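# Kindly generate the corresponding structure for this input.
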Amino acid sequence: MELFINNHGSKPIYEQISDQIKALIIGGELQAGEALPSIRSMARSLHISVLTVQKAYDKLFSKQKDELLEDYGIIKCGDEQFKALDREDWITCRRQDYEWQVLTSDRKKAEKKYPKAMITPATIDEIMLLYVKGEQG
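Numbering: from 1, shown residues only. Reported below is the predicted structural model:
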């Protein structure tokens, strides 16, 4: 993962980092299950403070929890429903406890195709967790 930092820009470095990682995730360039670099290794590679990277990661995983992406949705289902999902309808998934959480980029299409499934709008935080901790099918 290659990030670019502008030390002379008006945007704080931690925001530059979090914005770029968010764009990589939403754009599909950061693959499901691919781990983010450790805080120390990212700080080393960008020649910045560990605290700056920690602040960027904190922003990614906590501050934007309520920001919804209207087109994306999370399908929550059991094993049988998961097996019935068409692979072309989802991006990534993960199993948590006794249910599957499946990310789709077209929530409205999924709601029509799977009317009995529980589908909710996806937040930035949910999308990032699915990408970082999920599995590609």
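
# longest single strand anywhere in the protein?
Taking DSSP state E as the criterion, the chain has its longest strand at strand 68-77.

# buried sites along that strand?
For strand 68-77, a neighbour-count test (16 or more other CB atoms under 10 Å) marks 72, 73, 74, 75, 76, 77 as buried. (Glycine included, C-beta is placed from N, CA and C.)

# Partner strands of it and their direction?
Strand 68-77 pairs in its sheet with strand 99-104 (antiparallel), strand 118-123 (antiparallel), by DSSP bridges.

# and residue 47, which of these is closest to it?
strand 118-123 (32.2 Å; CB to CB).

# could you give the mean pLDDT of that closest one?
What strand 118-123 shows for mean pLDDT is 84.

# Same check on stretch 59-76?
In the prediction, stretch 59-76 has an average pLDDT of 70.

# Also stretch 129-137?
Computed over stretch 129-137, the average pLDDT equals 62.

# next one: stretch 91-109
Taken as a whole, stretch 91-109 has an average pLDDT of 85.

# now do stretch 10-17
For stretch 10-17, mean pLDDT rounds to 93.

# Give the buried residues for it.
So, applying 16+ other CB under 10 Å, buried residues of stretch 10-17: 13, 14, 16, 17.

# Stretch 116-131 too?
Using 16+ other CB under 10 Å as the test for burial, stretch 116-131 gives 117, 119, 122, 123, 124, 125, 126, 127, 128, 129, 130, 131.
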